[in-house]
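Undergrad: Okay, predicted coordinates and the sequence, questions at the end:
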Amino acid sequence: MKVYVQTDIEGVAGVTFFENRADASVENAAHRARMRQLLTDEVGAAVRGAFAAGAAEVLVNDSHGSGYNILFEQLDPRCEIIHGRNCSGPHWLPEFNDSFAALVLVGMHAMGGTRNAMLPHSRWEVNDGELFLSEAGMAAALAGDRGVPAVFVSGDDRVTAELSAKIPEITCAVVKRALGAFQARSLIPARACECIEQGVTASLARAANVTPYRIPGPVRLNLIDSATHGPPFERLLDRAVEAATMEEAFMQFLDAMPWSSFNVDLPDGFEYP
């Protein structure tokens, strides 16, 4: 069994503020390091849960911001990790294909505009508002296009509610309850990791009973957000992208975004972070 672990950071227990990569202060550096440790611990718990369920291969995608957040030297050496500059390889979910048995989502957040949710952003508009997706929902839909079920999600109570409504069989670990955009009631990290590890193991045992989340094509797609992730919101493209499948529409959309540079095969001047 192969398991793909897609990660973010805003849904991790203990995280209540957006990352500020422009602040070079000692305090901010210490805060970012602390949040990365919390993320690493939750990802490590998911990896352990996957191997406990019998996984032969676990692949982790470090998908937040810089793509270089997880302290991978602390992870189980049996897993592998995709990290580095996001959207510079071939795909938003690089190396993902239908050979995987399941998708596991860790550290997820609610879609943009969700009131009283923890750090909500990125509201994918499907078919002119017929349906909306968070980043977690989009990952599940892309996996569904390839027939792979999203079996587990961790994050706040708002994103887990979204995924439960879309995928009734999914296993959720609510690691914090949002009290507002920048305040939450969190589990203590050690307890959050226990819930994630146990939840991943249980979800993979039931993976065959989880229906892949498919959105039938053709699909019209746009993204509603803002630079600050707060009002006023707007559609990022003047015209929605239309394609035969969700994956095709999503990749066309990302390729049109100014910060995406797919298939970078020679250095192009980019500097971390």
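TA: Right, received. Where do you want to start?
Undergrad: What ranges does the stretch 151-273 of the chain have for its strands?
TA: In the stretch 151-273 of the chain, the segments counted as strands under DSSP state E, counting those that start in this stretch are 171-180, 183-186, 219-225, 234-235, 241-243.
Undergrad: Dump those into CSV; add mean pLDDT, mean neighbour count and distance to Ala24 as well.
TA: Every C-beta, even on glycine, is put in place using the N, C-alpha and C of the backbone. Formatted as CSV, the strands of the stretch 151-273 of the chain follow (pLDDT from 0 to 100; neighbours: other CB atoms under 10 Å; distance: least, CB to CB, whole Å):
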stretch, mean pLDDT, mean neighbour count, distance to Ala24
strand 171-180, 98, 21, 28
strand 183-186, 98, 16, 26
strand 219-225, 98, 20, 26
strand 234-235, 96, 12, 30
strand 241-243, 98, 17, 37
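Undergrad: any chance of the ones you listed in CSV, with distance to Glu19 too?
TA: CSV is the format used below for the strands of the stretch 151-273 of the chain (distance: least, CB to CB, whole Å):
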stretch, distance to Glu19
strand 171-180, 17
strand 183-186, 16
strand 219-225, 16
strand 234-235, 23
strand 241-243, 28
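Undergrad: Look at Lys2 and say how many residues are nearby.
TA: Neighbour count of Lys2, defined by other CB atoms under 10 Å: 16.
Undergrad: elements contacting the helix ranked longest in the chain?
TA: In the chain, with assignment by DSSP state H, the single longest helix is helix 26-52. Secondary-structure packing of helix 26-52 (3 or more CB pairs under 8 Å, 6 or more residues apart in numbering; DSSP states H and E): strand 2-7, strand 57-62, strand 102-108, strand 150-156, helix 189-205.
Undergrad: Give me the buried positions along that helix.
TA: Within helix 26-52, the residues scored as buried using 16 or more other CB atoms under 10 Å are 32, 35-51.
Undergrad: now do stretch 207-222
TA: For stretch 207-222, the neighbour count (16+ other CB under 10 Å) marks Ala207, Val210, Pro212, Tyr213, Ile215, Gly217, Val219, Arg220, Leu221, Asn222 as buried.
Undergrad: dump the residue contacts of Leu187.
TA: The neighbourhood of Leu187, defined by CB atoms under 8 Å, 6 or more residues apart in numbering, consists of Ala13, Val175, Lys176, Cys195.
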